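> Could you look at this predicted model? Sequence included:
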Amino acid sequence: SPVSEPEFSYTLPLHAPEARVHWAGSGPQPRPLDRTGAGFHHLGDVTLRVRDAARKGDGWRTYSTVHRDELCGAGGKPAATVLSEGGRSFSADATACVRPTGAPLTLKRSVAAAGAAGGPSVVTWELTNTASYSLEVGAFGASMPFNQMFTGRRLENVAAKCSFTDVYVGGGAGYVQVSRASGGGPVLLVLPGGGTGDGFEGWRPLKAEDRASYDWMHEMLYEVLFHTAAYAKQEWRNAQPWNAPTSAVIAPGATRTWSVRLQLAPTIEGVPDALLAAGLPVARPLPSATLHTDLKAARLELLLPSNLELRNASAEPPGALAIATRPPRAAAGLGRAPRVQTLALEPRRAGRATVTLAFANGLTQTVHFQLLAPAAALVRQYGVLNSRKAWLSANASDPWRRGPAFMGYDASRGGSALLEEPRVFMGGLSDEAGAAAPLAMAMKQLGQPAKDEVAKLEAYVHETVWAGPRGDGKTVERRHFLQGAD
C-alpha cells in the first residue's frame, strides 16, 4: 500500500474529495476527483506503436492499456494475476487490457515492491510477439501519472498532497524526479530499469488521452518513452528531438522487456547521492546547460560511482561543441561519488548540441546543451526587439490604456506586442508575465544603456506606473478584462 511502500504514494489518487475538478463526462459542475472509471492513466499503463518490421511503408498501429469507454479486462481486472508469497510482488497477463483488440502481441505486467534492504521497487513490462512476422516497436511509453493536480485545492492542501514532476531524458542515466510541492523530502526517483533499451528517450504529454481536467492549474500528465521513432516520423516530424529516435524489433515468438525502478531520495539535495547509489552517473554542466559561443571555461563534470568507467564522449551535430576529456580524480567532498571526471567544453556554433557518453558497462548517457551567440550580442538584440516590437505607445488604440509600456511579445502572432490572450494576465502589466518585460529592459540598461530605450523606460515609469491609467496618480489594483468567446 502507499503507507507501507511510500514510493507508490506520489501518483494521482483514485479519490480526492478535497479536489473539486472537471473531467470528461463529469457534468457542468466541478465534482470531487474520482479516477476509478475508464479512461484514466495509472502507474503501470503503457501506450505503444507497432508495425510489420519488413514493411516500412506501413503505418504505425497504436495500442494502449487505457480506453475511454472500457475498464481494463473482463470485470475490470486483468486476467491471470499471480501474487507472490508475502505479497511483495505480483504479475498479471495484461493482454486483455490492450485496446484496440486484436493486437499481434501479449503484454505481461509485473510489480516488485522494495526489499527489506531498501532496494528499489520495480515495474516491468514484457511484450511477446504473437505474429508470424517481426514486429517493430516504434514507441513504447510508460504513464507517469503523478499528483500535479492543483485544480480545486486550497494552497495548504497543494503543499500537503501535490508534487512537481521534472524529467531528464538522458538515456540510460535519465530519470523522472517527483518532488513534494512543500519542498520537503523524500523525493521519488523513477529510473531506467537497467536492461538493454531501458533508457529514457522522450517525454510525451497525455493531454488528449486522459479524462482528467487540464486547465492552467494542472501541471499535466505525461509518459516517459523508451522509444520514439514512430512519433518522430509522424507528430514530431517537424521538430528536432534531443535524443536520436529509436525502435525495437521483436522476432516472432520472442519477448522484449522494459522496466523502471522506483527509488526514494531523502531530500531534494540528496538526489545526486541517490542516483550514484543506484549506479548512475550524475552530469553537472557548468556554468549551465546554456552556453554562449564566447565562453572559454565551460565544462561538464561527471560524478561517477565506482562501477563506471567512461570510454568515449562525442557531440552532435559535428563541429558544434568541442570536447577535451580529462582523467578522473578523487571526488573529495562530493557525497557518495568516489570519482569526478571533467570534460572541457568549447562551444563553437549556436544551436542545440547533445553530448553522448559511452561507459564501459554498456550504459549510454546523453547531456543536452543550448548554444547561444555571445551574451553581449544577445542582450543588445533583446533591447532592440523589445523597444521596437513589444512597445505599446501612449497614443496606441487600447481600451485599457496600458501604454506607454513594454508588453509581452509573441512571435507566432506576427511579431508584435501581446495585447490579448486567453490567460489575461499575459497581457497585463503585473505578475511575472506583465512585469517581466519592463524589468528586463531596466536590467539591460545597467550593462548596455541605449538612449531611446532609457527614454521609453522613463515614459513607462512616469506616465503609466506613477500616473496610473487614469492619469490621476492612482494605480489600479484590480480590473476586469472581458473578451468574447471567439
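Perfect, thanks for sending it.

> what about stretch 187-205, start to end distance?
The stretch stretch 187-205 measures 22 Å between its terminal residues, going by Cα to Cα, to the nearest Å.

> Check stretch 402-416 too.
15 Å.

> Pull out the buried residues from that stretch.
Residues of stretch 402-416 classed as buried by neighbour count (16 or more other Cβ atoms under 10 Å): 402-410. Any C-beta I mention is one placed from the backbone N, CA and C, and that applies to glycine too.

> any low-confidence regions in the stretch 251-400 of the chain?
333-337 (pLDDT under 70).

> quick one, strands of it?
Per DSSP state E, counting those that start in this stretch, the stretch 251-400 of the chain carries strands over the ranges 255-265, 282-286, 290-292, 299-304, 310-316, 321-325, 329-330, 339-347, 351-359, 364-372, 391-392.

> Partner strands of the longest one and their direction?
Strand 255-265 has the following sheet partners, assigned by DSSP bridges: strand 121-129 (antiparallel), strand 187-192 (antiparallel).

> Comparing those, which comes out most buried?
Comparing the strands paired with strand 255-265 by mean neighbour count (mean count of other Cβ atoms under 10 Å), strand 187-192 comes out on top with a mean of 24.

> Residues touching the next helix or strand after that one, excluding its own?
Later in the chain than strand 187-192, the nearest helix or strand by DSSP states H and E is strand 202-205. Strand 202-205 has contacts (Cβ atoms under 8 Å, 6 or more residues apart in numbering) with 141, 167, 169, 220-225, 228, 231, 241, 243.

> and with 7 Å instead?
Residues lying outside strand 202-205 but in contact with it, judged by Cβ atoms under 7 Å, 6 or more residues apart in numbering, are 141, 167, 169, 220, 222-225, 228, 231, 243.

> Which of the residues you listed fall in helices?
Secondary-structure check on those using DSSP state H: residues within helices are Tyr231.

> out of the contacts of strand 202-205, which are inside strands?
141, 167, 222-225 (DSSP state E).

> Next, the distance between the ends of stretch 397-410.
Where stretch 397-410 starts and where it finishes are 19 Å apart, if you go by Cα to Cα.

> quick one on the thing from earlier: right, and out of the ones in strands among the contacts of strand 202-205, which lies closest to Gln445?
The shortest distance between Gln445 and any of the ones in strands among the contacts of strand 202-205, using Cβ to Cβ, involves Val167 and amounts to 37.1 Å.

> What's the separation between the residue most central in space within the chain and Val190?
When the chain is reduced to its mean C-alpha position, the nearest residue by Cα atoms, centre = their mean turns out to be Val167, at 4.6 Å. In this structure, Val167 lies at 9 Å from Val190, with Cβ to Cβ, to the nearest Å as the measure.

> Identify the contacts common to those two.
By the contact definition Cβ under 7 Å, 6+ apart, Val167 and Val190 are jointly contacted by Val176.

> nearest to Leu372, of the strands paired with strand 255-265?
Evaluated with Cβ to Cβ, the strands paired with strand 255-265 place strand 187-192 nearest to Leu372, the distance being 30.3 Å.

> contact partners of that closest one?
Contact with strand 187-192 is made by 7, 10, 144, 172, 174-179, 198-200, 260-265, 267-268, 271, 274, 278, 280, as judged by Cβ under 7 Å, 6+ apart.

> among those residues, which ones are buried?
Applying a neighbour-count criterion of 16+ other Cβ under 10 Å, the buried members of those are 7, 10, 144, 172, 174-179, 198-200, 260-265, 271, 274, 278, 280.

> Run through the bridge partners of Val260.
On the basis of DSSP bridges, Val260 is bridged to Val123, Pro192.

> Actually, Gly351.
According to DSSP bridges, the partner residues bridging Gly351 are Leu371.

> Look at the nearest residue to Ala324 once chain neighbours are set aside and say how many residues are nearby.
Leaving aside its chain neighbours, Ala324 sits nearest to Ala344 (4.2 Å; criterion: Cβ to Cβ, 6 or more residues apart in numbering). Residue crowding around Ala344 was assessed by other Cβ atoms under 10 Å; the count is 14.

> what does Leu276 give?
By the other Cβ under 10 Å criterion, the neighbourhood of Leu276 contains 22 residues.

> Quick check, it in contact with Val282.
Yes: distance between Leu276 and Val282: 6.2 Å, which falls inside the contact criterion (Cβ atoms under 7 Å).

> what residues do these two have in common as contacts?
Between them, Leu276 and Val282 share these contacting residues under Cβ under 7 Å, 6+ apart: Leu303.

> quick one, longest helix in the protein?
For the chain, the helix with the greatest residue count under DSSP H is helix 375-388.

> Alpha carbons only: can I get that one in PDB?
Coordinates of the C-alpha atoms in helix 375-388 are reproduced here as PDB (Å, rounded to 0.1, in the frame of the first residue of the first chain):
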ATOM      1  CA  ALA A 375      25.800  37.200 -24.300                       C
ATOM      2  CA  ALA A 376      26.600  40.800 -25.100                       C
ATOM      3  CA  ALA A 377      25.100  40.500 -28.600                       C
ATOM      4  CA  LEU A 378      22.000  38.700 -27.300                       C
ATOM      5  CA  VAL A 379      21.300  41.400 -24.700                       C
ATOM      6  CA  ARG A 380      21.700  44.100 -27.400                       C
ATOM      7  CA  GLN A 381      19.300  42.200 -29.700                       C
ATOM      8  CA  TYR A 382      16.800  41.900 -26.900                       C
ATOM      9  CA  GLY A 383      16.800  45.600 -26.300                       C
ATOM     10  CA  VAL A 384      16.200  46.300 -30.000                       C
ATOM     11  CA  LEU A 385      13.400  43.700 -30.100                       C
ATOM     12  CA  ASN A 386      11.600  44.900 -27.000                       C
ATOM     13  CA  SER A 387      11.800  48.600 -27.900                       C
ATOM     14  CA  ARG A 388      10.600  48.100 -31.500                       C
END
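
> what's in contact with it?
Taking contacts as Cβ under 7 Å, 6+ apart, the residues outside helix 375-388 that touch it are 292, 372, 406, 409, 437, 441, 444, 447-448, 450, 452-453, 456.

> Just those residues: which are in strands?
With strands identified by DSSP E, the entries of the contacts of helix 375-388 that belong to them are 292, 372, 406, 409.

> Check the contact between the first one and Leu372; I expect there is one.
Yes: in this structure, His292 is within contact of Leu372 by Cβ under 7 Å, at 5.1 Å.

> Can you report how many residues lie near Ala113?
Close neighbours of Ala113, defined as other Cβ under 10 Å, add up to 20.

> Pretty sure it sits against Ser89.
Yes: assessed by Cβ under 7 Å, Ala113 is found in contact with Ser89 at 6.4 Å.

> Dig out what Ala344 forms beta bridges with.
Partner residues in beta bridges with Ala344, using DSSP bridges, are Arg299, Ala324.

> Who are the contact partners of it?
Taking Cβ under 7 Å, 6+ apart as the definition, contacts of Ala344 comprise 299, 324, 326.

> From those, pick the one nearest Pro338.
Pro338 lies nearest to Arg326 out of the contacts of Ala344, by Cβ to Cβ, at 16.5 Å.
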